[in-house]
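> predicted structure and sequence below. I'll ask about it afterward.
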Amino acid sequence: MKKFIAALLFISALLPVFAFSGCKKSSGYFPKYTINAVYTENKIEGTLEYEFKNPSDKPIDAIKFNLYANAYSEKAKNRPVPYGSELKNFGGTEISDCLFCGSPAEFSVTGEDGNVLEIKTAEIPPNGSAKVSLSFSTVIPAADLRLGDTGETVNLGDFFPVACKAENGEFIECEYSPVGDPYYSGCSDYDVTITVPSEYVAASSGSPVSSETKGAATVYRYSLKKGRDFALCLSKNFTVKSEQVGGITLNVYGDAEFSERALPAARSALRYFSSAFGKFPYETMSVVKTGFLQGGMEYSGLCFISDSADGEKEELTVVHEIAHEWWHCGVGNDQINEAYIDEGLAEYSSYLYFAENGNAEKAEEILNRATAAYKAYFDVGKILRGEANTVMNRPLSSFSGDYEYVAIAYAKPLIMFTEYEKTIGRNKAKRRLSALYKDNLYGEINSDALISALGYPEFFRSYIDGKVII
Ligand SMILES: [Zn+2]
């Protein structure tokens, strides 16, 4: 059956353009990744198959992937560490054996940091189906980063080639950035098999399909439908606590103390956001304590919580990262050019969570802190440079560092959404966000879509364009 489908895909990809001219763009179609990888000490290598339809309205003869792991290489200019710090240890990815519909395909690695893989294909008409496959070998640096061996855990984000999102007939190449989350992806289905030494416990995006121990190695298989991304985290020392929360399997990985704190926070965040915005987009949510330079990181059905976040910061991070399951994973946006959308919505969702779960004081404190951070950024900019750039929809490369990014992508949109709430009323604001979520689930929004769902265009434009005085 598998071979038969592959043959069909091969034939259909070679059919001339007119054969497809009557086809409509399939709505609700999601590409599929099949990844089979083996983790050994400082490396993860394997094969990746990507089944897709030409998403553009013109024929294409190549497909591009982001090689995020090359941001960790020695030569990279756009690195995953803050400005002023250096990577002490390096990683990177190598690609080989590219195939298009089963036949060897030409490929090249381009981009400033070797961050783009281009695989030549036969001409694929609009909406035409095709399949490419490749082998990858990714070196994992010793680092507290999205891809990194932290000593205690192994963070496996950024480890495989990720298809570039196509928009207006162009593939969008994502350049890495020391600030923010340098991603813009559509949703895909994932079938991921990973083999790890048996002493490791794996926390992963998606739901487990099977696990089989074969001597010194254990093979885990996961399935994730309509994932925005896919990541894992491994450790020899994880303890796992699981429970069902309204049909969602919630897993917490870390140590016993972390589980005791994170499980109730994650449980009530899942419950609250489901009732406020709509159904959680996946079947499983895994919350993982790991070494991580930033507070946390969201992936579809998985989040990293930094082991340096303790007490109040830890709870806030758990709630914020779970809010991203709705804003980023469920409803996506261009995190490179409009980071304020998912960060701002995750911040406002966290504010709502505390305000409506018996902790109005904490909600107030979050807002006061955001207002203070924004004003400090604004005042310092005025004093030092005579101006502060308060435009919200600008690329990550325009931010001088985390200080500016936090003020513009987290604090200012939180102020904006709470002011919106004051104007329209909290319940109406929540209803409009819920409609925004349901209408765009597994799709992507930009500023225009956000404004058209929420109303009050002049109000939102004055914030986004940097005109409002706070
Ligand atoms: Zn965030």
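Arrived safely. Numbers count the residues shown, from 1 in each chain.
> my guess is residue 353 contacts residue 272, does it?
Yes. At 5.3 Å, residue 353 and residue 272 qualify as touching, with contact defined as CB atoms under 8 Å. C-betas here are computed from N, CA, C, even on glycine.
> so where do the helices sit in the stretch 351-470 of the chain?
With helices called from DSSP state H, counting those that start in this stretch, the stretch 351-470 of the chain shows them at 360-385, 402-405, 412-424, 426-440, 447-454, 457-464.
> higher neighbour count, residue 353 and residue 272?
residue 353 (25 against 19; other CB atoms under 10 Å).
> from the ion, how far out is that one?
In this structure, residue 353 lies at 14 Å from the ion, with CB to the ion, to the nearest Å as the measure.
> spit out the contact partners of that residue.
By CB atoms under 8 Å, 6 or more residues apart in numbering, the residues touching residue 353 are 268, 269, 272, 273, 319, 323.
> from those, which is closest to the ion?
The ion lies nearest to residue 323 out of the contacts of residue 353, by CB to the ion, at 7.9 Å.
> and for that closest one, the neighbour number?
In terms of burial, residue 323 registers 27 neighbours under the definition other CB under 10 Å.
> list phi and psi for it.
As for residue 323, its main-chain torsions (degrees, to the nearest 10) stand at phi -60, psi -30.
> thought it was touching residue 273?
Yes. Proximity of residue 323 to residue 273 meets the contact threshold set by CB under 8 Å, at 6.1 Å.
> can you name the residues of this structure sitting close to the ion?
Counting by CB under 5 Å from the ion, the residues of the chain close to the ion are 343, 346.
> neighbours of residue 183, how many?
Counted with other CB under 10 Å, residues neighbouring residue 183 total 24.
> thought it was touching residue 335?
Yes. Taking contacts as CB under 8 Å, residue 183 lies within contact range of residue 335: 5.0 Å.
> which one is residue 45 nearest to, not counting chain neighbours?
residue 137 (4.0 Å; CB to CB, 6 or more residues apart in numbering).
> scratch that, residue 201
Here the nearest residue to residue 201 in space, its sequence neighbours aside, is residue 238; by CB to CB, 6+ apart that works out to 4.1 Å.
> kindly report the domain assignment for this protein.
With domains defined by automatic domain parsing, the chain comprises 1-13+28-186, 339-464.
> how close does residue 449 get to residue 217?
Summarising the geometry, the distance separating residue 449 from residue 217, computed by CB to CB, to the nearest Å, is 46 Å.
> same question, residue 454
Between residue 454 and residue 217 the distance, using CB to CB, works out to 50 Å.
> neighbour-wise, which of these two wins?
More neighbours sit around residue 454 than around the other of residue 454 and residue 217, counting by other CB under 10 Å; the figures are 19 against 15.
> the most centrally placed residue in the chain and the ion, how far apart?
With distances taken as CA atoms, centre = their mean, the chain has residue 299 as the residue nearest its mean C-alpha position (4.8 Å). Counting by CB to the ion, the separation of residue 299 from the ion is 12 Å.
> which residues touch that residue?
Under the criterion of CB under 8 Å, 6+ apart, the contact partners of residue 299 comprise 157, 205, 228, 229, 230, 231, 329.
> what about 6 Å?
Listed by CB atoms under 6 Å, 6 or more residues apart in numbering, the contact set of residue 299 reads 205, 229, 231.
> would you map the strands across the stretch 1-150 of the chain?
If DSSP state E, counting those that start in this stretch is used as the criterion, the strands of the stretch 1-150 of the chain fall at 32-40, 43-53, 60-66, 92-100, 103-104, 107-110, 116-124, 129-139, 147-149.
> dump stretch 75-87 to PDB, restricted to CA.
The C-alpha atoms that make up stretch 75-87 are tabulated as PDB, following Å, rounded to 0.1, in the frame of the first residue of the first chain:
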ATOM      1  CA  LYS A  75      30.500  30.300  11.500                       C
ATOM      2  CA  ALA A  76      26.900  31.500  12.100                       C
ATOM      3  CA  LYS A  77      26.300  35.200  12.400                       C
ATOM      4  CA  ASN A  78      22.700  35.000  13.600                       C
ATOM      5  CA  ARG A  79      23.100  33.000  16.700                       C
ATOM      6  CA  PRO A  80      20.700  31.700  19.400                       C
ATOM      7  CA  VAL A  81      22.500  33.500  22.200                       C
ATOM      8  CA  PRO A  82      21.900  37.000  23.400                       C
ATOM      9  CA  TYR A  83      23.900  39.900  21.900                       C
ATOM     10  CA  GLY A  84      27.200  40.200  23.700                       C
ATOM     11  CA  SER A  85      27.400  36.500  24.700                       C
ATOM     12  CA  GLU A  86      29.200  33.800  22.700                       C
ATOM     13  CA  LEU A  87      28.400  30.200  22.000                       C
END
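> run through who's touching it.
71, 113, 145, 175, 176, 177, 178, 401.
> name the nearest residue to the second one, ignoring sequence neighbours.
Setting aside the residues directly before and after it, residue 113 is nearest to residue 76 in space (CB to CB, 6+ apart), at 4.2 Å.
> from the ion, how far out is that neighbour?
Between residue 76 and the ion the distance is 23 Å, computed by CB to the ion.
> what about residue 198, how many neighbours?
Tallying neighbours of residue 198 according to other CB under 10 Å, which is how burial is gauged here, yields 14.
> same thing with residue 71?
When neighbours are defined as other CB under 10 Å, residue 71 has 30 of them.
> contacting residues around it?
Applying CB under 6 Å, 6+ apart, we find residue 71 in contact with 78, 79, 80, 176.
> hang on, the last one packs against residue 182?
Put plainly, it is residue 176. Yes. Applying CB atoms under 6 Å as the test, residue 176 and residue 182 come out as touching, 5.0 Å apart.
> related to what we said a few turns ago, pLDDT score assigned to the residue nearest to residue 201?
With respect to pLDDT, residue 238 scores 97.
> and for the one 3 residues further on?
In the predicted model, residue 241 carries a pLDDT score of 98.
> report all helices and strands that the host helix or strand of it contacts.
Here residue 241, judged by DSSP states H and E, is contained in strand 239-245. Taking 3 or more CB pairs under 6 Å, 6 or more residues apart in numbering; DSSP states H and E as contact, the helices and strands that strand 239-245 lies on are strand 248-254, helix 256-277.
> what sits up against the longest one?
Taking contacts as CB under 6 Å, 6+ apart, the residues outside helix 256-277 that touch it are 239, 241, 245, 248, 250, 252, 280, 287, 289, 315, 318-319, 322, 326, 353, 430, 433-434, 437.
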